[in-house]
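K.L.:
sequence unknown, structure follows:
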């Protein structure tokens, strides 16, 4: 078998072009990772992504060169495509006629938004508000906003600022942690909020940036991770599954949106929500029905409001948006409330507890709603 460095040198390119694709190479040992990173550097080849804790590098490979011999090398654990990621924002959504009238499931104080009341977060606040729980929002970043307290963060795309240049991440963050200004309060307003900018100004990106983000969360001892996005199409990523499993085994509760494909994907929800280590969240509308856009399929754990959710936005403003992107941070906030009250619960215990409190929605099947609508009043 040819030497690995020769295979890497002939396949890798210094800069991306239409003749290259992005590949993630995971080595079996840290020693191999360091050795080949050094050899590439000597040749002037700089990987676009380096993840030492995961022994993984990202390289631009020439499409015209064979790369499979690299995958068969005894020092290489795996090579996979650096697949695309997209946020779960439902851009074309219009409020249906059935949803224009808010269902009166419980009385809602006028100073609160409908979605907060629907999951009964305000009934838990006299006892717990999420203090000392670290919640990471892996998204497009979080913008400075008077209604948000950001404890820190990281940009895993190319370093630099974690500030949001899209709006999606800021909106998601507000659903979990807005402070209560202007009538907008998050599920768990006293959490320590962290911004992991892994998606770009268009709300898209690569799984390598997500993997780096989860790795950062592990190293910085986050308690909860929210992921309001999914892999594009039928893409899979074993590297993402590996790092999520690692985070799960470290006790981090991971929450993700189920997807916005409605009935189109033949009973499949998006990854990473489809991973068994992840709490998958579907979307409900203002009349407590599963929205038409919410993905269906086995693996959904809970449902939460995802239609016309008003939350924080760029330039200190607010915006109403729809999508399972909006549902997931309700559950992430609920996890934070529960952990703040009962520290030491495992991710499985957290999921099972929240599912046991859920309100089953009449006429909705389990593959649409999981255990039912998130309810936080018993925390």
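P.N.:
Yes, it's here. Note that the structure is predicted; figures quoted are calculated from it, not measured.

K.L.:
select the longest helix from this protein.
P.N.:
As assigned by DSSP state H, the longest helix anywhere in the chain is helix 324-341.

K.L.:
three-state assignment of residue 244?
P.N.:
On the three-state scheme (DSSP: H, G, I helix; E, B strand; the rest coil), residue 244 is labelled helix.

K.L.:
quick revisit: quick check: next helix or strand after the longest helix of the chain?
P.N.:
Next helix or strand after helix 324-341 toward the C-terminus (DSSP states H and E): helix 347-357.

K.L.:
what helices or strands is that next one leaning on?
P.N.:
strand 253-257, strand 278-284, strand 300-305, helix 324-341 (3 or more Cβ pairs under 8 Å, 6 or more residues apart in numbering; DSSP states H and E). Just so you know, the C-beta spots here come from the backbone N, C-alpha and C atoms, and that holds for glycine as well.

K.L.:
let me have the ones you listed in CSV, extended by distance to residue 271.
P.N.:
Formatted as CSV, the helices and strands packed on helix 347-357 follow (distance: least, Cβ to Cβ, whole Å):
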stretch, distance to residue 271
strand 253-257, 9
strand 278-284, 9
strand 300-305, 13
helix 324-341, 13
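
K.L.:
dump the ones you listed to CSV, plus distance to residue 317, mean neighbour count and mean pLDDT.
P.N.:
Formatted as CSV, these follow (distance: least, Cβ to Cβ, whole Å; neighbours: other Cβ atoms under 10 Å; pLDDT from 0 to 100):
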stretch, distance to residue 317, mean neighbour count, mean pLDDT
strand 253-257, 23, 31, 98
strand 278-284, 23, 31, 98
strand 300-305, 21, 28, 98
helix 324-341, 17, 30, 98
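
K.L.:
among the ones you listed, which comes closest to residue 145?
P.N.:
Closest approach to residue 145 among the helices and strands packed on helix 347-357 is made by helix 324-341 (14.8 Å; Cβ to Cβ).

K.L.:
quick check: angle from the closest one to strand 253-257?
P.N.:
Between helix 324-341 and strand 253-257, the angle comes out at 160 degrees (axes from the mean of the first three to the mean of the last three Cα atoms, to 10 degrees).

K.L.:
tell me which strands and helices helix 324-341 is in contact with?
P.N.:
Looks like helix 324-341 contacts strand 134-139, helix 168-177, strand 224-227, strand 253-257, strand 278-284, strand 300-305, helix 347-357 (3+ Cβ pairs under 8 Å, 6+ apart).

K.L.:
redo those as TSV? Include distance to residue 39.
P.N.:
Compiled in TSV, these are given as follows (distance: least, Cβ to Cβ, whole Å):
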stretch	distance to residue 39
strand 134-139	32
helix 168-177	37
strand 224-227	34
strand 253-257	35
strand 278-284	36
strand 300-305	45
helix 347-357	39
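
K.L.:
which among the ones you listed is found nearest to residue 334?
P.N.:
Nearest to residue 334, of the helices and strands packed on helix 324-341 and by Cβ to Cβ, is helix 347-357 at 6.0 Å.

K.L.:
next, the angle from that closest one to strand 300-305.
P.N.:
Going by the same axes, to 10 degrees, helix 347-357 makes 60 degrees with strand 300-305.

K.L.:
who's the most centrally placed residue in the chain bridged to?
P.N.:
Nearest residue to the geometric centre of the chain (Cα atoms, centre = their mean): residue 227, 0.9 Å. Assessed by DSSP bridges, residue 227 has beta-bridge partners residue 138, residue 256.

K.L.:
dump the residue contacts of it.
P.N.:
Residue 227 sits next to 138-139, 210, 254-257, 272-273, 278, 328 when contact means Cβ atoms under 8 Å, 6 or more residues apart in numbering.

K.L.:
need the max-distance pair from these.
P.N.:
Spatial extent of these (Cβ to Cβ) is set by the pair 139 and 278 at 15.5 Å.
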